[in-house]
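I'll drop the sequence and a predicted model, then ask my questions.
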Amino acid sequence: MGIMGTLFGKSTCYSWSLLYNGISTLSRFGMNESETNNGLQIIIVHPTEIVRLGLCALFEKCEYLVYRSFEACDSLFSQLKWFPNALILVHHSLCQHQGSIRKVIEHTGATIALIASSDLAHNDSFQDLSEKIEEGVTGFIDLNEPLHIFLSKIEDIASGSFVISKSFVSQLTEKNVPNYKDINEILNDRELEILDLVANGSTNKEIGQKLYISEHTVKSYISQILTKLDLKNRQQAAVYLIKNRMDV
């Protein structure tokens, strides 16, 4: 059952019972509350109050700190200032205007992920992935994900990974990936290895430690990768890799 199913299932009381008491099932998937709590501070921006309350309850039950929740980005701008250590989850409907994501990032310094629902009732989609990625979005999360997968994706984004839920990967087309070509025809084995680590959220220092090369060498490789793929940043490179994997 996805997050939306948990909130709006057979009955409100039953659904909220699942929300509060079902978190213990995370341990069956190799996760427990102490493991999911890494001091992450979350801010939720969603137009529906019951969804905001439900997400807040979910995160707090898992011992995350939910700093604030807002119904719109305008409220966030007026009540929140610089907050670089936060992860802001914004409903995709609130970021339709070009530049809206960049404005949030410039105002807060936070990491931004967009949330949407792929279930039959909502059938949300992203028609402008490339624009959102260009503005700085680092995650596209489906609220219809199973609970343990949803929380895992939150952790991945917080650790620096670029994440797209499977239900939205199909919306990655050549249009979303500049000058798309088969990556294996362009990059050598070492560059592919480094790109894979970049897509998984590793920093230059972490890549260097893992591959036993200097951080300067890592930067040089990443610059070569971006040049060869004609890309501007690490987010675009991660999307390029995801698209290639999808086509295999």
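Cool, got the structure.

remind me which residues of the protein are low pLDDT?
The chain contains residues with pLDDT under 70 at 1-39, 127, 170-180, 245-248.

could you pull out the helices in it for me?
For the chain, the helices defined by DSSP state H occupy 3-7, 12-21, 33-36, 49-61, 73-79, 100-108, 129-135, 147-158, 166-169, 189-199, 204-211, 215-229, 234-247.

indicate which one of the ones you listed is closest to residue 183.
Closest of the helices of the chain to residue 183 is helix 234-247, at 4.4 Å (criterion: C-beta to C-beta). (C-beta placed from N, C-alpha, C; glycine too.)

buried ones in the closest one?
Neighbour counts over helix 234-247 (16 or more other C-beta atoms under 10 Å) mark 234-244 as buried.

ok, so of those, who is nearest residue 109?
Each of the buried residues of helix 234-247 was checked against residue 109 using C-beta to C-beta; the closest is residue 235, at 16.4 Å.

so that closest one sits against residue 132, correct?
No: with contacts counted by C-beta atoms under 8 Å, residue 235 stays clear of residue 132, the gap being 9.6 Å.

give me every residue that touches residue 94.
By C-beta atoms under 8 Å, 6 or more residues apart in numbering, residue 94 lies in contact with 45-47, 72-73, 100.

determine which two of these are furthest apart.
Maximum distance among the contacts of residue 94 (C-beta to C-beta): 14.9 Å, for 46 and 100.

which of the two has more residues huddled nearby?
Using other C-beta atoms under 10 Å as the criterion, residue 46 and residue 100 rank with residue 46 on top: 22 against 14.

what distance do you get for the closest residue in space to residue 162 that isn't next to it in sequence to residue 135?
What sits nearest to residue 162 in space, not counting adjacent residues and going by C-beta to C-beta, 6 or more residues apart in numbering, is residue 238, at 3.7 Å. Look at residue 238 and residue 135: by C-beta to C-beta, to the nearest Å, they are 15 Å apart.

then residue 94?
Here residue 94 is placed at a distance of 13 Å from residue 135 (C-beta to C-beta).

which neighbours do the two have in common?
Contact criterion C-beta under 8 Å, 6+ apart; residues shared by residue 94 and residue 135: residue 100.

just to revisit the earlier point, show me the one of the helices of the chain that comes nearest residue 141.
helix 147-158 (5.4 Å).

send the alpha carbons of the closest one over as CSV?
The C-alpha trace of helix 147-158 is given here as CSV (Å, rounded to 0.1, in the frame of the first residue of the first chain):
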residue,chain,number,x,y,z
LEU,A,147,6.1,2.9,2.6
HIS,A,148,9.6,1.3,3.0
ILE,A,149,10.5,2.4,-0.6
PHE,A,150,9.2,5.9,0.0
LEU,A,151,11.4,6.3,3.1
SER,A,152,14.4,4.8,1.4
LYS,A,153,14.1,7.4,-1.4
ILE,A,154,13.9,10.2,1.2
GLU,A,155,17.2,8.9,2.7
ASP,A,156,18.8,8.6,-0.7
ILE,A,157,18.0,12.2,-1.6
ALA,A,158,19.1,13.5,1.8
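
quick check: domain ranges of the chain?
If you go by automatic domain parsing, the domain ranges for the chain are 3-169, 183-247.

adding distance to residue 119, write the contacts of residue 94 out as CSV.
Below are those laid out as CSV (distance: C-beta to C-beta, whole Å):
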residue, distance to residue 119
45, 20
46, 15
47, 17
72, 23
73, 24
100, 25
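
nearest to residue 191, of these?
Of these, the one sitting nearest to residue 191 (C-beta to C-beta) turns out to be residue 100, at 34.0 Å.
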